[in-house]
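> Below are the sequence and a predicted model; questions follow.
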Amino acid sequence: MSSDPRTASGERGAAALEFVLIVPALGLLISMMIGSARIWQAHTIVEQIAGTASRAASMARTPSEARAAADDIVRYQAATRGLSCSSLRVDTDLTGFQIPVGQPARVSSQVACTVPLSDLIVPGWPGSWTVTAEADSVLDRYRRRG
């Protein structure tokens, strides 16, 4: 206890004022960390989906089967991984199917997912974030290509 009455009365309410100033700043910092982590998670999921799509395309025998396999797996993976894309685009490069058997070839898939920020950061937050990723997969050198 302070023996000087002027000091004790002058500090009255200082803790409440500090609390009022610090708590919102900490809340904002924590919200930014959570939002950043969720954006990173969405990017990681899209990278994994692109890898899965290119692998599914490389397992197909014909370019049309490869495109269908990549599209199907992307839509399935986005739904099962909890990624709610307002628009989901898959571009699969299938030029590797035109390379003769015995020569190295590859397919690549690029996935773009536009995620509403209300799903990533704070419910009701306006705007969206487009996450893109690309992955390659090797075609079997000695397998027949449609």
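Nice, thanks for sending it over. Numbering: from 1, shown residues only.

> Scan this protein for its longest helix.
When the chain is parsed with DSSP state H, its longest helix is helix 14-59.

> For the helix or strand following that one, which residues meet the burial criterion?
Next along the chain after helix 14-59, taking DSSP states H and E as the criterion, comes helix 63-80. By neighbour count on 16 or more other Cβ atoms under 10 Å, the buried set for helix 63-80 is 63, 65-67, 69-71, 73-74, 77-78. Any C-beta I mention is one placed from the backbone N, CA and C, and that applies to glycine too.

> before we move on, what about stretch 34-52?
35, 38-39, 42-43, 45-47, 49-52.

> Spatially nearest residue to residue 103 (excluding sequence neighbours)?
With sequence-adjacent residues excluded and distances taken as Cβ to Cβ, 6 or more residues apart in numbering, residue 103 is closest to residue 141, at 7.0 Å.

> what bits of this protein have low per-residue confidence?
1-11, 146 (pLDDT under 70).

> tally of neighbours for the residue nearest to residue 103?
Residue 141 has 11 neighbouring residues, counting by other Cβ atoms under 10 Å.

> and it, what is it in contact with?
By Cβ atoms under 8 Å, 6 or more residues apart in numbering, residue 141 lies in contact with 101-105.

> repeat that for 10 Å
99, 101-105 (Cβ atoms under 10 Å, 6 or more residues apart in numbering).

> same question, residue 35
Listed by Cβ under 10 Å, 6+ apart, the contact set of residue 35 reads 117, 120-122, 125, 129.

> just checking, which of the residues you listed belong to helices?
Per DSSP H, the subset of those in helices is 117, 120.

> Tell me the buried residues within the contacts of residue 35.
117, 120-121, 129.

> Put together a markdown table for the residues you listed, with distance to residue 111 on each row.
Formatted as a markdown table, those follow (distance: Cβ to Cβ, whole Å):
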| residue | distance to residue 111 |
| --- | --- |
| 117 | 19 |
| 120 | 17 |
| 121 | 22 |
| 129 | 14 |
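
> Of those, which pair is most distant in space?
Using Cβ to Cβ, the two most remote members of the buried ones among the contacts of residue 35 are 121 and 129, lying 8.9 Å apart.

> Quickly list what's touching both of those two.
In contact with both residue 121 and residue 129: 35, 38-39, using Cβ under 10 Å, 6+ apart.

> Cool, thanks, talk later.
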